[in-house]
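Peer 1: Fold the following and give me the result.
(one chain, ligands or ions: 1)
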Amino acid sequence: MSVAAHRRVLPAAPARRGWCPGLSRPMPTGDGLLARVHPPLGILTLPQARAVAEGARRFGNGHLDLTARANLQIRGVSEATRAPLARLLEAAGLGDTRADGGPQRLTLTSPLAGHDPAETFDVPALARAIEAAGLAVPGLPAKTLVVVEGRPGAQMPDADACVFSRASGGFGIAVAAERGFHDLATCAEDEAPAATAAVLEAFARSGLRRMRDLSSDAFSTLADAVREELQARVPSPVRERDKVSDATSPESAPPSPHPSSAWERGHGGVTPDVAPFSPPAGIAPLAASQIVLTVDAPFGRCTADALDRLVDLAARLGAEEIRLSPARGFVLLLPAAPQVDPAALADDFIVAPDDPRRSVAACTGAPACASGSTPTLSDAASVAEAFRPFAVGGSAAHVSGCAKGCARPGPADLTLVGRDGLYGAVIGGAPGDEPAMHLPIEAVLERLGRAETIGLAAAFAPDRARTEIGRTRRPA
Ligand code: SF4
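Peer 2: As a prediction, the model looks like this:
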């Protein structure tokens, strides 16, 4: 059955509005318009990186955001500068790819895609094929994201769907559940783009914005769509071997944090080796003739000048491109083992994996964003230092200017939500959750100091707050 045939049985998608996906329609923020740049496969040639830096400097305010989808945002664009900026970036090959409100970039791959020896297939080629198939799907929400992962058992970032390599062979397709992924189908490599397109088409027709919001019925519709797409093709040996995966449904299999791990557990109890999706900051060998230099942008921010300095270094060291990391950083693949000291970039970037800023997310906040009342970026730097003992243990914090939670919509071990100049403290929750208390930043830092001894939950417990208020009150 073709992808288009699914339109018969699915309700029409409602019109979408209020989302400005790319260069042609930048989004208003507190410091002007924000222009999103979506480098194909998250890769910039060195001239493209220079063009981005030049565009940010000439037509924005010189500041860039690196996003968790491995894209870039140029801040401080104005109505007068948006058109020349778009022209500059289009000339560099970084223009928008579609004008229908759909995703400018649909796929996310590891920053090492195409070079990681652990990959079992040509990840960039499959990602390109899925991008092309996705372009033909009308009505896709702008933020739809498909991860393409070629390393069996690798860590999987948050996404609507993923196409991944099964340890036992073949390609798996899974879609986001409320927590983790639902395994949907197994297919051969040449079937993966059309099968993914069938999933996307069914999702677009649902009218929902995120796959994790699909009901059981809607999920079954997706499963039917991909099954019919695959059955219309010549039978694949891979699919015949793995028929059980095609029958998976939310009722028959619980979601898993990693789709292939769910599949493997159901087929013999293999525990996956969880490799990180993005390389950590620092230098690491990749293959006999390659090393990887990774730098992260503190709280996802860098300047145009810092990007220029990185391009200078990349050119000096013989890198041909700069890759964007969803850890909000840049990755250089270096052809040999040149003498490189990451400390040379330490003024601009995070260069060590144990830097506590890697564990703290922060949005723009005040004064750049009109919705913020607290200086989140400078406060986040202080929080990161105080959070160091927890960062070592793998905990994460989030300093958000308001309950919208742009930098990290999901939960963190400690979420601080700005309101009226104070921070609401949420332990183990998301920015939209009810805070236990509201505190000035100084009190937050003081509690973080005590939390090293008594734990985060105890340090930010409401009862303790009341007790302390009573203790500090002068006797009558
Ligand atoms: S979370 Fe709020 S304050 Fe922060 S950037 Fe988003 S809208 Fe602005």
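Peer 1: which bits of this protein sit near the ligand?
Peer 2: Proximity of the chain to the ligand, by CB under 6 Å from any ligand atom, involves residues 363-365, 369, 371-372, 400-402, 404-406. Heads up, the C-betas are built off the backbone N, CA and C, glycines and all.
Peer 1: Just these: which are in helices?
Peer 2: Per DSSP state H, helices hold no members of those.
Peer 1: Output those residues as CSV; include the columns pLDDT and neighbour count.
Peer 2: Shown next, in CSV, are those (pLDDT from 0 to 100; neighbours: other CB atoms under 10 Å):
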residue, pLDDT, neighbour count
363, 91, 27
364, 88, 26
365, 91, 26
369, 85, 20
371, 90, 16
372, 93, 22
400, 97, 31
401, 96, 31
402, 95, 22
404, 92, 15
405, 92, 21
406, 87, 22
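Peer 1: other SSEs contacting the one helix or strand residue 126 maps to?
Peer 2: Using DSSP states H and E, residue 126 falls within helix 123-135. Using 3 or more CB pairs under 8 Å, 6 or more residues apart in numbering; DSSP states H and E, the elements in contact with helix 123-135 are strand 107-109, strand 146-149, helix 192-206.
Peer 1: mind running it again at 10 Å?
Peer 2: Applying 3 or more CB pairs under 10 Å, 6 or more residues apart in numbering; DSSP states H and E, we find helix 123-135 packed against strand 107-109, strand 146-149, strand 161-165, helix 192-206.
Peer 1: any chance of those in JSON lines, plus mean neighbour count and mean pLDDT?
Peer 2: Putting the helices and strands packed on helix 123-135 into JSON lines (neighbours: other CB atoms under 10 Å; pLDDT from 0 to 100) gives the following:
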{"stretch": "strand 107-109", "mean neighbour count": "27", "mean pLDDT": "97"}
{"stretch": "strand 146-149", "mean neighbour count": "27", "mean pLDDT": "96"}
{"stretch": "strand 161-165", "mean neighbour count": "26", "mean pLDDT": "94"}
{"stretch": "helix 192-206", "mean neighbour count": "25", "mean pLDDT": "93"}
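Peer 1: quick one, the helix holding residue 126 and strand 161-165 angle?
Peer 2: With axes from the mean of the first three to the mean of the last three CA atoms, to 10 degrees applied, the angle from helix 123-135 to strand 161-165 works out at 150 degrees.
Peer 1: orientation of helix 123-135 relative to helix 192-206 in degrees?
Peer 2: Going by the same axes, to 10 degrees, helix 123-135 is angled at 40 degrees with respect to helix 192-206.
Peer 1: what's the average pLDDT for helix 123-135?
Peer 2: Average pLDDT, helix 123-135: 95.
Peer 1: what's the answer for stretch 34-53, then?
Peer 2: Throughout stretch 34-53, pLDDT has a mean value of 97.
Peer 1: how about it: buried residues?
Peer 2: 34-46, 48-53 (16 or more other CB atoms under 10 Å).
Peer 1: rewinding a little: now render the helices and strands packed on helix 123-135 as JSON lines, adding distance to residue 85.
Peer 2: Listed next are the helices and strands packed on helix 123-135 as JSON lines, based on distance: least, CB to CB, whole Å:
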{"stretch": "strand 107-109", "distance to residue 85": "24"}
{"stretch": "strand 146-149", "distance to residue 85": "28"}
{"stretch": "strand 161-165", "distance to residue 85": "32"}
{"stretch": "helix 192-206", "distance to residue 85": "30"}
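Peer 1: between these, which gets nearest to residue 277?
Peer 2: strand 146-149 (7.5 Å; CB to CB).
Peer 1: just how off-centre is that closest one within its chain?
Peer 2: Counting by CA atoms, centre = their mean, to the nearest Å, strand 146-149 is centred 11 Å from the centre of its parent chain.
Peer 1: try stretch 420-427
Peer 2: How far stretch 420-427 lies from its chain's middle: 25 Å, per CA atoms, centre = their mean.
Peer 1: Tabulate the CA atom coordinates of it in CSV.
Peer 2: The C-alpha atoms that make up stretch 420-427 are tabulated as CSV, following Å, rounded to 0.1, in the frame of the first residue of the first chain:
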residue,chain,number,x,y,z
ASP,A,420,9.2,37.9,39.6
GLY,A,421,13.0,37.9,40.2
LEU,A,422,13.0,34.7,42.3
TYR,A,423,13.4,31.1,41.4
GLY,A,424,10.9,28.4,42.0
ALA,A,425,12.7,25.2,43.0
VAL,A,426,11.4,21.9,41.5
ILE,A,427,13.0,18.7,42.6
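Peer 1: buried ones in it?
Peer 2: In stretch 420-427, counting by 16+ other CB under 10 Å, buried: 422-427.
Peer 1: where's the residue nearest the centre of the chain, which helix or strand?
Peer 2: Among the residues of the chain, the one closest to the centroid is residue 68, at 3.1 Å (CA atoms, centre = their mean). Using DSSP H and E, residue 68 falls within no helix or strand.
Peer 1: and it, what are its phi and psi?
Peer 2: Per-residue torsions, residue 68: phi -70, psi 0 (degrees, to the nearest 10).
Peer 1: mind checking pLDDT for the nearest residue to residue 75 once chain neighbours are set aside?
Peer 2: Using CB to CB, 6 or more residues apart in numbering and skipping residues adjacent in sequence, the residue nearest residue 75 is residue 63, 4.5 Å away. Per-residue confidence for residue 63 comes out at a pLDDT of 94.
Peer 1: who touches residue 63 in this structure?
Peer 2: By CB atoms under 10 Å, 6 or more residues apart in numbering, the contact list for residue 63 reads 31, 56-57, 73-76, 301-304, 306, 364, 368.
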